[in-house]
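Asks: No letters, just coordinates:
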């Protein structure tokens, strides 16, 4: 991997497998290594690793009060999509009702 010489050079976005993320989180939570050290060892940004650790803590019920778990996040996304669809259907029915009301008078 290329070394960055200045702070304005952006790192190319990378994708990590769930197993890799779980392993990195395990090093921090179970092995007791510091996030900074694990991030350096695995060539990660500390913020990415911190987000993974926070998400893992929330999923385990050890996060801050009110933290949203992954399953709750998935359900919320599903409900938001369903809500958008229902609103669209309602708007279509309103327009159809208004159209037929004008036609009948």
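Replies: Everything's here; your move. No experiment lies behind these values; they were computed from the predicted model shown.
Asks: Look at residue 10 and tell me its secondary structure.
Replies: Under DSSP: H, G, I helix; E, B strand; the rest coil, residue 10 falls in the coil class.
Asks: The protein: strands as residue ranges?
Replies: Using DSSP state E, the chain contains no strands.
Asks: max-length helix in the chain?
Replies: helix 70-104 (DSSP state H).
Asks: Quick one: low-confidence residue ranges for this protein.
Replies: Counting by pLDDT under 70, the chain shows low-confidence ranges at 1-7.
Asks: Got the domain ranges for it?
Replies: Domains of the chain are assigned by automatic domain parsing as 15-65, 68-105.
Asks: Over to the longest one now: how far is its first residue from its last?
Replies: Okay, so that is domain 15-65. End-to-end distance of domain 15-65 (C-alpha to C-alpha, to the nearest Å): 29 Å.
Asks: where's the closest residue to residue 49 other than its chain neighbours relative to residue 61, distance?
Replies: Distances taken as C-beta to C-beta, 6 or more residues apart in numbering place residue 39 nearest to residue 49, at 4.7 Å, with adjacent residues excluded. Backbone N, C-alpha and C define where each C-beta goes, glycine included. Counting by C-beta to C-beta, to the nearest Å, the gap from residue 39 to residue 61 is 25 Å.
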